[in-house]
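Novice: Requesting a structural model of the entry that follows:
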Amino acid sequence: MNLALPEAEGTLLIEVDGHPDAINEEINLISNICREEGAVSVVCSNDPREREKLWAGRKAAILKGEKCCGGGAGVFRTAFANLALTFGKTRVEEAKKVGAEVILTSCPMCMLNLSQAARRAQVKIEVSDTILLLAKTLK
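Specialist: Residues are numbered from 1 along each chain as shown. I've put the predicted structure just below:
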């Protein structure tokens with residue numbers, strides 16, 4: 001399946017939005033941070049068709065291989081809290097097993113569920129929002 005994503009162990013898609021005068025400055029800043037932190041490649045595009053292809057690839061990758069944190073956007077966690085934490089514990093242990101020090105997510109429910117699952121399982125791993133990590137890097 002061609003996902004329109006580069007072959008890599010990890011891919012980070014960042015979409016910049018805002019005032020047109022600030023966008024290029026933000027793109028340059030984010031690109032520089034990515035390179036300084038070891039990104040193998042940084043691809044920037046203003047082409048809406050390329051954007052749609054990349055995001056479609058991202059969505060397909062989620063359906064193909066990624067797994068839910070167990071929070072289920074809050075709905076599953078509300079109804080089945082213990083089971084959600086069990087799923088979260090599995091995800092945290094999988095991340096730790098491959099050597100991850102941080103789990104990044106943009107979903108508040110994933111942050112909550114994975115953080116609590118890590119504490120409950122006594123797994124030392126940071127769970128953070130991608131924007132919070134970027135903000136730390138800027139300090």
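Novice: Which residue lies nearest the spatial centre of this structure?
Specialist: residue 105 (3.9 Å; Cα atoms, centre = their mean).
Novice: Residue 35 versus that one, what's the distance?
Specialist: Spatial separation of residue 105 from residue 35 under the definition Cβ to Cβ, to the nearest Å is 23 Å. Heads up, the C-betas are built off the backbone N, CA and C, glycines and all.
Novice: do you know how far the residue nearest to the residue nearest to the centre of the chain when sequence neighbours are not counted is from residue 41?
Specialist: Beyond its immediate neighbours in the sequence, the residue positioned closest to residue 105 (Cβ to Cβ, 6 or more residues apart in numbering) is residue 111, lying 5.8 Å away. Summarising the geometry, the distance separating residue 111 from residue 41, computed by Cβ to Cβ, is 28 Å.
Novice: more crowded one of the two?
Specialist: Comparing residue 111 with residue 41 by neighbour count (other Cβ atoms under 10 Å), the higher total belongs to residue 111, at 19 against 9.
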